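In: coordinates for the following, if possible.
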Amino acid sequence: MARALLLRPPPLVVIVGATGTGKSRLALQLALRLGAEIVSADSMQVYKGLDIITNKASPQEQALCKHHMISFVDPLVTNYTVLDFRNEATALIKDLLASRKIPIVVGGTNYYIESLLWKVLIGTEKDQHPDTVDRRAELEKLDSQELHRRLSQVDPAMAARLHPHDKRKLARSLQIFQETGVSHSKLLQQQREEEGGGPLGGPLKYPNPCILWLYAEKAVLDERLDQRVDAMLAAGLIEELQSFHRRYNEEWVASDTQDYQHGIFQSIGFKEFHQFLITEGKCTEEESSQFLEQGIEALKIATRRYARYQNKWIQNRFLRRPGPNIPPVYGLDVSDLSQWEEKVLEPAFQIVQSFCQGRPPATKPITPEPGPEGDKHSRRTCEVCDRIIIGDTEWKAHLGSKSHRFFLKRLQRLAASATQPGRGCPGRGERQRDEEKEEGPVEPAQPCL
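Out: Numbering: from 1, shown residues only. I've put the predicted structure just below:
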């Protein structure tokens, strides 16, 4: 095992990219070459259990190189937060840097990575006290409308930024105010105004971050993700889900208290198989097979959707720079895995070595694009769809969506029928023709988060 030639303080290496791009593979290979250690930044891998569905490093891989922040939280814990992760991972990274070891942060949970790179979270002195968890839990028992009403009274600026249905964020903002006596929005503004801060948060926390972005062509990545789900199934995914369900979730389902919004139960791949799991042994073999196939297809769709979300965050956070506190990003195309060594591993190794030696890498960073103009915290209500939309970009996207166009057209037809005697409301066939013209099913009217 080699050690990097360090002519300056070790860099913090961060590998980002959509799921299925090979982040863990590259992290392990670099760690073995550089004598580094790996810090997982995955919100589901912190929990014990569901090793296949959360794609944890295998025991063999963990034996080759030290991995941190994996499988240390009880699966029944539902209140482990990004603040908890940030505090533990930051202390770990500090120790690694002090011992002149390179930390390689790798994972797909964007806000975990963001919490390590920037000063963006607000903590309080009581965050480590058990009473804090009780306070947050008590607030989350209130409905979202009441939470939003209370937040509007003490922090109208933050209330305007948050969606009225985002119960967790509303409760957190109220908790911060109750424990600090200062509004959440004011504390965030103070962070942005610190030296090195910018529109998206406070300054960078580490002076020498090395960001590697693995990306692939969309069609290639979609196919790879489908194959990855098939490989998980072959590795025993269904048996893992069944065992986990019987051990941790069966009683909650029986009492209708299951929760797929907190803790490990929100993992992509668990809730998609809900119908299959709860009907096990209670339906015909044909029905069970149908539920299983539906779960597999839902998992593939959710995985592809999540990959797009991850790439969108990377582009918005790193490549459309709204401020001075964004580090350079080095892109590595992983579309052709047969060229992994020459197109991915070797360039990545040379980039990290350059950071270690204090010289510019031969590989040029990606040139940032101008960010989208507009206020991302603006708040509008679409009277046509009865939806609240947060952000100028989201508002523009909503106006062009199939669902908005459908409801707008229906409203126009109703208005026309009211002025034309003998013309009633549009019938089923007419609505169906309109939907077909929109080239796809109509999306349900849901709050845009």
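
In: for my notes, confirm residue 211 occurs in a helix.
Out: No: per DSSP: H, G, I helix; E, B strand; the rest coil, residue 211 lies outside any helix segment and is strand.

In: surely it and residue 319 touch.
Out: No: applying CB atoms under 8 Å, one finds residue 211 not in contact with residue 319, separated by 10.4 Å. The way it works is simple: take the backbone N, C-alpha and C, and place the C-beta from them, glycine included.

In: mind checking which of those two has more residues around it?
Out: residue 211 (24 against 17; other CB atoms under 10 Å).

In: which neighbours do residue 211 and residue 319 share?
Out: Contact with both residue 211 and residue 319 is made by residues residue 329, according to CB atoms under 8 Å, 6 or more residues apart in numbering.

In: burial measure for residue 261, as a count.
Out: Neighbours of residue 261 (other CB under 10 Å): 11.

In: that one and residue 312, how far apart?
Out: In this structure, residue 261 and residue 312 are 22 Å apart, going by CB to CB, to the nearest Å.

In: can you check residue 142 too?
Out: Per CB to CB, residue 142 is found 32 Å from residue 312.

In: ok, the two, which is more surrounded?
Out: Shown here are residue 142 and residue 312; by other CB under 10 Å, residue 142 has more neighbours (16 against 12).

In: against residue 78, how distant is that one?
Out: Counting by CB to CB, the gap from residue 142 to residue 78 is 17 Å.

In: could you pull out the helices for the stretch 251-400 of the chain?
Out: Assigned helices in the stretch 251-400 of the chain, in chain order: 274-278, 285-314, 340, 346-357, 392-399 (criterion: DSSP state H, counting those that start in this stretch).

In: any idea which of those helices gets closest to residue 195?
Out: Nearest to residue 195, of all those, is helix 346-357, at 23.0 Å by CB to CB.

In: check which helices and strands that closest one sits against.
Out: helix 23-34, strand 209-215, strand 329-333 (3 or more CB pairs under 8 Å, 6 or more residues apart in numbering; DSSP states H and E).

In: present these as TSV; the columns should include mean pLDDT and distance to residue 252.
Out: Listed next are the helices and strands packed on helix 346-357 as TSV, based on pLDDT from 0 to 100; distance: least, CB to CB, whole Å:
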stretch	mean pLDDT	distance to residue 252
helix 23-34	97	31
strand 209-215	97	37
strand 329-333	97	42
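
In: make CSV out of these and add distance to residue 138.
Out: Listed next are those as CSV, based on distance: least, CB to CB, whole Å:
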stretch, distance to residue 138
helix 23-34, 38
strand 209-215, 38
strand 329-333, 41
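
In: where does the chain dip in pLDDT?
Out: In the predicted model of the chain, residues 1-7, 125-134, 321-322, 370-377, 379, 390-391, 393, 418-449 satisfy pLDDT under 70.

In: all strands of it, in order?
Out: 12-17, 37-40, 67-68, 103-106, 209-215, 329-333, 379-382, 387-390 (DSSP state E).

In: quick one: these as CSV, columns for distance to residue 157 too.
Out: As requested, the strands of the chain are exported to CSV (distance: least, CB to CB, whole Å):
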stretch, distance to residue 157
strand 12-17, 30
strand 37-40, 34
strand 67-68, 37
strand 103-106, 32
strand 209-215, 30
strand 329-333, 31
strand 379-382, 11
strand 387-390, 13
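
In: and the residue nearest to residue 69 when sequence neighbours are not counted, how far is that from residue 264?
Out: Nearest non-adjacent residue to residue 69, counting by CB to CB, 6 or more residues apart in numbering: residue 40, 4.5 Å away. Per CB to CB, residue 40 is found 14 Å from residue 264.

In: so which of the helices and strands packed on helix 346-357 gets nearest residue 405?
Out: Smallest distance to residue 405 across those (CB to CB): 31.7 Å, for strand 209-215.

In: quick one: contacts of the closest one?
Out: Counting by CB under 8 Å, 6+ apart, residues outside strand 209-215 touching it are 11-18, 21-23, 26, 117, 311, 314, 318, 327-334, 344, 348, 351-352, 355, 366.

In: so what's the gap between that strand and the chain middle?
Out: Computed by CA atoms, centre = their mean, to the nearest Å, the separation of strand 209-215 from the middle of its chain amounts to 17 Å.

In: same check on stretch 309-328?
Out: 14 Å.

In: residues in contact with that stretch: which ones?
Out: Applying CB under 8 Å, 6+ apart, the external contacts of stretch 309-328 come out as 16-19, 108, 110, 114, 117-118, 196-204, 209-211, 213, 215, 329, 365-366, 368-372.

In: out of the residues you listed, which are buried?
Out: 16-19, 108, 110, 114, 117-118, 197-198, 200-204, 209-211, 213, 215, 329, 365-366, 371 (16 or more other CB atoms under 10 Å).
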